[in-house]
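Colleague: take this sequence and fold it.
(chains A and B)
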Amino acid sequence: MAELLVELFSEEIPARMQAKAEADLRDALTKGLGEAGVEFGDVVARSGPRRLMVAISGLPEKSADVSEEKKGPKTDAPEKAIEGFLRGAGLSSIDQAEVRCDPKKGDFYVAVREIPGRPLEDIIAGLVPEIVRGFHWPKSMRWGRGELRWVRPLQRILCVFNGKTVEFEIDGLKSGYETEGHRVHGRGPFKVSSYAEYKETLQEKGYVAIAREDRRLLIEEQAQMVCAQAGLELVEDKGLLDEVTGLAEWPVVILGEMDPAFLSLPPEVVQLSMRTHQKYFAVRDPKTGELAPNFVVVANIEASDGGKAIAAGNSRVLSARLDDARFFWEQDKSTPLEKMAEKLATIDFKKELGTIADKVERVAALARELAPKVGADPDMAERAAQLAKADLVSGMVGEFPELQGVMGGYYAREQGETDAVATAIAEHYKPQGPSDAVPTEPVAIAVALADKLDTLVGFWAIDEKPTGSKDPFALRRAALGVVRIVLENEVRLRLLSTFQSTAEINLTHSSIEWFHSQEFVEASSFLPDLLEQLDKLKLYGVFGFLLRTDGRLQSGRSYLEDVVARRLEPDFDQQEKAEKDIEAALNQYVSITLNYKEAAEDPDASFVHGDEFDGEKTQVRTLLSSLNSDLLSFFADRLKQYLRDQGARHDLIDAVFALGEDDLVLMVKRVEALAAFLETEDGANLLAGYKRAANILKAEEKKDGAAVEGDVDTSLFEQDEERALHTAIETSVSRADAALEAEDFEAAMAALAELRGPVDAFFDGVTVNADDEKLRANRLRLLTSIRAALFRVADFSKIAG
Amino acid sequence: MTAPVAREKPASFQDLILRLQAYWAAQGCAILQPYDMEVGAGTLHPATVLRALGPKDWRAAYVQPSRRPADARYGENPNRLGHYYQYQVILKPNPADLQDLYLNSLYEIGIDPTVHDIRFVEDDWENPTVGAWGLGWEVWCDGMEVSQYTYFQQVGGLDVFPVSGELTYGLERLAMYVFGVDNVYNLPFNDPASQTPLSYGDVFLQNEIEQSALNFELADVEMLQTWFSGCEKQSTALREAGKPLPAYDYALKASHVFNLIDARGAISPTERQAFIARVRDLARGAAEKWAEQEAERAAV
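Modeller: Numbers count the residues shown, from 1 in each chain, chains lettered A, B, ... in the order given. Next comes the predicted model:
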């Protein structure tokens, strides 16, 4: 059996792209061979800073012969049809066709064509250029005068099959049998005729460790070793390890030193500076667990001075970096967070949602409101929220955006804020991913929740929701963050009313232009300006949402346009009338809009209690409820995702969600109780009983064309089973309700489980479809009461099985 | 191929520059003198950004002073300067062995490849102001970025063909590395053994101090804003008159004036975006016009 070796040798490939390209090349080659009908044995793929390589063994020298059949007309078909068949199949006489027999349709012709296998060289010479030309890189380029695109200039194509070069040319680059090694240690070029030779040559003469896994292990082991020798410990960093594996062909690990004075900087700063700018690993002192004044750098060379110059050079670069960081640290510390926060008024959070200062104001109000619910001090929650975003304008966060929040926490401590406030500032962006921890201190919980809820409600109001795979504002992450913070801290929160408060705060706490719109008021004397202003207002925040969705304003707008058009009519009377209509319409239109503003600015900010803006407030609540319930179902999806990851059944989540439950903690408790209940024999049987009742109801309601309604009439009971079921339902329901009141879902389930016997007995002994219409209707009502009883714990119709 | 060998270290900052000049001259580059305009980066010299456009071959190298008002530090920071030098090389089309040519230039200034760790680390360059981007690397020597290496793909928002290879050496940083100096002002500007040894500080420290005062305290923002509008007007008029080269000069002027306004911290982020967009329109407009005319000239 023969072997194919392909290597695409280029200038340095970005580290982050290598592993995927390696897999893509392997897949493209094996797929291409498969499609050409070629079977193969082992496949080896490798990649590194300058090369992608695939070796495939167990290949035949030519592809298998294939016989292809083409079905023709019946033997007694007209001459014309047979001629057409011969032409199509490329036969000169009908004698070349075979005759087959079909028991139903009779004899028919078949043209059999034997396609001889092709030499593998030919297949490869066609396949490799096609793969190279069509290869997908995240970013590719052209070079020189060429048209070919590759990630960086492609320098060599090695393509050897069965020990010989497979000849082809791509954009002027000829295939060959040579590869290159490390630039300094063993450049070559080296002639190779097999994978074994390739591997050995590069390893021994070329100083290239071709396998990612080998390089990774090499780096990890060496790094641990150099640290251990100095009595230190490597700070593991898998992402960085992956990256440096793609940056060196011949990794040599060196332990460097830095000025211990830099350790007075926050460890996050030191570590991030090392990692992002220099790709160094941090090192810690195992005795104290704190960072040591050292770093680990992975070089690509066995330096002739043993790495002294490299260590010294890297150390100097790091010092310059940390000097910069220290400059920011000192400078930032000299500016109080309040002072920094002032600048937030010049930075947009999102045009339609105001500046970051606007957001801060809303988050502070919301955090204050949430504080009692999470056991936090409202003043502290408000304070933390007011300072939480200030570090965005600090020098350090300008340099390291990843440190947002974290730096704010440090600066807060420096200026003497309480621990609770500093922690809340540091953690308010958390969790930033599924593996990130959630805040656990009450003040931090309040601020982290408020920040995310404000974002979510705001984006919902301006209709910027995630679609498909697109979620540019990471709203799914924000909602999942809320879910996790709530559940992992067992925070009791009614989501719908929380959304409502968040939306109301958005209405009342925005100082942005659209809200106190002087422009708007000034424009009201000139109609086209006014219409333009009204349209503009619709873009902004929750206020805009109300304007967009209030039907009165929708029709008001088209009415206005209508009258404006009439004003242009030639008839003077019409014109005059139109002017009057415009005035009236405008007054109404503007007054509704302004009432929103007034209502929102009402110092009591109470949308719940009635007062002079009652009408608008009711309207606000109604309009917002659609937004809130849409957002709630988005949360339900995140909850499903979260619980599914923990192994819960998503149909059970649906079944509980259908109850309108909006307290996540209770939702999960209900799901857990329901899951446990369905595992029991009573549960499973009751579910079966429910399904039977539901099916009968569905069928009968369809037949009657009307829903079954009304209370059960006990005087119409004829059989004991009916009476027993009715009594059982009443007893179970009252016991279940009491248990639910105490949030004891197991007990509620157990109470309802008592229904199993009476339900089974009812179905065994009673004919629902009685001839007597009155009996039938009453029995159907009894079935609805089963449904209603169970609806206390779940919508059983959503449960699978 | 034989293993590369480095030359002995240059004697001074200027010697390092002269070595680069001689080396790239030997590669057939026209050795140009600095452009007589304030620019924020050597790439903005028309010899690079405009010549990268159009079908004609081109090879040039030059030193370009770069002014970045916001980076000025009153001469107090050993690593940051408001005025510094870049060495710029452009080869169009890029030769196939450009990476080797580049590495040889490092050996030429005394960087020994058997002792130092030289790497090509992904860094895709872009300059939205002139609608340009390319793929390439930062070149690291022992963890320090010593050059930017780019294959231009677009300039002025237009695909380039042929593709140019562009190299930018940060001269002070490179020299600090070669001479093992931690403070830029201590670099030997000329030969320390010469009759009048001069350090980088002797030549530039006072300038850094005074220019910093201009950049952060004394620049007259109101006047600069008027200048900006004037440059904008002039550049637009020149472009419309079919004179992209001076139009581009005025775009550069506008860009520098904006950098001064920006360093004074006188504009909000929103205004800042608007200024950048205005400069971009000027620079792009000139570049597009130039490309169009170059193509016409090549076709004749």
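Colleague: what pLDDT does the closest residue to residue A:216 other than its chain neighbours get?
Modeller: Among residues not flanking residue A:216 along the chain, residue A:245 sits closest, at 4.6 Å (Cβ to Cβ, 6 or more residues apart in numbering or on different chains). Using the backbone N, CA and C atoms, a C-beta is placed for each residue, glycine as well. For residue A:245, the model assigns a pLDDT of 96.
Colleague: ok, now residue A:685?
Modeller: Note for residue A:685: predicted pLDDT of 85.
Colleague: so who does it touch?
Modeller: If you count contacts by Cβ atoms under 8 Å, 6 or more residues apart in numbering or on different chains, residue A:685 has them with A:756, A:760.
Colleague: same check, this time on the one 4 residues further on
Modeller: Contacts for residue A:689 (Cβ under 8 Å, 6+ apart) come out as A:755-756, A:759-760, A:763, A:786.
Colleague: which is the next helix or strand following the one helix or strand it maps to?
Modeller: Per DSSP states H and E: residue A:689 is located in helix A:681-704. Downstream of helix A:681-704, the first helix or strand assigned by DSSP H and E is helix A:720-741.
Colleague: and the residue of the stretch 201-350 of chain A found nearest chain B, what element?
Modeller: Distances between the stretch 201-350 of chain A and chain B by Cβ to the nearest Cβ are smallest at residue A:313, namely 2.9 Å. Taking DSSP H and E as the definition, residue A:313 sits inside helix A:308-333.
Colleague: re the thing from before, just give me how far the helix holding residue A:689 sits from the chain centre.
Modeller: 38 Å (Cα atoms, centre = their mean, to the nearest Å).
Colleague: cool, stretch A:240-252 as well?
Modeller: 29 Å.
Colleague: same question, stretch B:76-89
Modeller: Counting by Cα atoms, centre = their mean, stretch B:76-89 comes out at 10 Å from the chain centroid.
Colleague: buried residues of it, list them for me.
Modeller: B:77-89 (16 or more other Cβ atoms under 10 Å in any protein chain shown).
Colleague: show the end-to-end separation of that stretch, please.
Modeller: Terminal residues of stretch B:76-89 lie 31 Å apart, using Cα to Cα, to the nearest Å.
Colleague: same check on stretch A:141-149?
Modeller: Distance across stretch A:141-149, first residue to last, is 5 Å (Cα to Cα).
Colleague: ok, is it in contact with chain B or not?
Modeller: Yes. Counting by Cβ under 8 Å from any Cβ of the partner chain, contacts between stretch A:141-149 and chain B involve A:141-145.
Colleague: counting by contacts, list what the helix or strand encompassing residue A:786 packs against.
Modeller: Residue A:786 belongs to helix A:773-790 when assigned by DSSP H and E. On a contact count with 3 or more Cβ pairs under 8 Å, 6 or more residues apart in numbering or on different chains; DSSP states H and E, helix A:773-790 meets helix A:681-704, helix A:720-741.
Colleague: now with 10 Å?
Modeller: Counting contacts by 3 or more Cβ pairs under 10 Å, 6 or more residues apart in numbering or on different chains; DSSP states H and E, helix A:773-790 is packed against helix A:681-704, helix A:720-741, helix A:745-753, helix A:756-765.
Colleague: looking at the ones you listed, which is buried most?
Modeller: Each of the helices and strands packed on helix A:773-790 was scored by mean neighbour count; the highest is helix A:745-753, a mean of 21, by mean count of other Cβ atoms under 10 Å in any protein chain shown.
Colleague: report the angle between that helix and helix A:773-790.
Modeller: 160 degrees (axes from the mean of the first three to the mean of the last three Cα atoms, to 10 degrees).
Colleague: now the strands for the stretch 1-150 of chain B?
Modeller: Remark: strands assigned in the stretch 1-150 of chain B by DSSP state E, counting those that start in this stretch are B:30-31, B:58-67, B:83-92, B:118-122, B:125-127, B:132-141, B:144-155.
Colleague: what's the closest of the ones you listed to residue B:230?
Modeller: When those are compared by Cβ to Cβ, strand B:58-67 sits nearest residue B:230, at 19.3 Å.
Colleague: mean confidence score for the closest one?
Modeller: So the average pLDDT for strand B:58-67 ends up being 97.
Colleague: do stretch B:280-296 as well
Modeller: The average of the pLDDT scores along stretch B:280-296 is 92.
Colleague: got the buried residues of stretch B:76-89 as a markdown table, with distance to residue A:419 and pLDDT columns?
Modeller: Shown next, in a markdown table, are the buried residues of stretch B:76-89 (distance: Cβ to Cβ, whole Å; pLDDT from 0 to 100):
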| residue | distance to residue A:419 | pLDDT |
| --- | --- | --- |
| B:77 | 35 | 86 |
| B:78 | 37 | 86 |
| B:79 | 36 | 84 |
| B:80 | 36 | 87 |
| B:81 | 42 | 93 |
| B:82 | 42 | 94 |
| B:83 | 46 | 96 |
| B:84 | 45 | 96 |
| B:85 | 50 | 97 |
| B:86 | 48 | 97 |
| B:87 | 52 | 98 |
| B:88 | 53 | 98 |
| B:89 | 56 | 98 |
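Colleague: make CSV from these and add distance to chain A to it.
Modeller: Formatted as CSV, the buried residues of stretch B:76-89 follow (distance: Cβ to the nearest Cβ, whole Å):
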residue, distance to chain A
B:77, 8
B:78, 8
B:79, 5
B:80, 8
B:81, 13
B:82, 16
B:83, 19
B:84, 15
B:85, 18
B:86, 18
B:87, 20
B:88, 19
B:89, 16
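Colleague: which stretches of chain B have low pLDDT?
Modeller: B:1-4, B:269-270 (pLDDT under 70).
Colleague: residue of it closest to chain A, please.
Modeller: residue B:142 (2.9 Å).
Colleague: does that residue touch residue A:309 like I think?
Modeller: Yes. Assessed by Cβ atoms under 10 Å, residue B:142 is found in contact with residue A:309 at 6.8 Å.
Colleague: between those two, point out the one with more neighbours.
Modeller: Using other Cβ atoms under 10 Å in any protein chain shown as the criterion, residue B:142 and residue A:309 rank with residue B:142 on top: 27 against 18.
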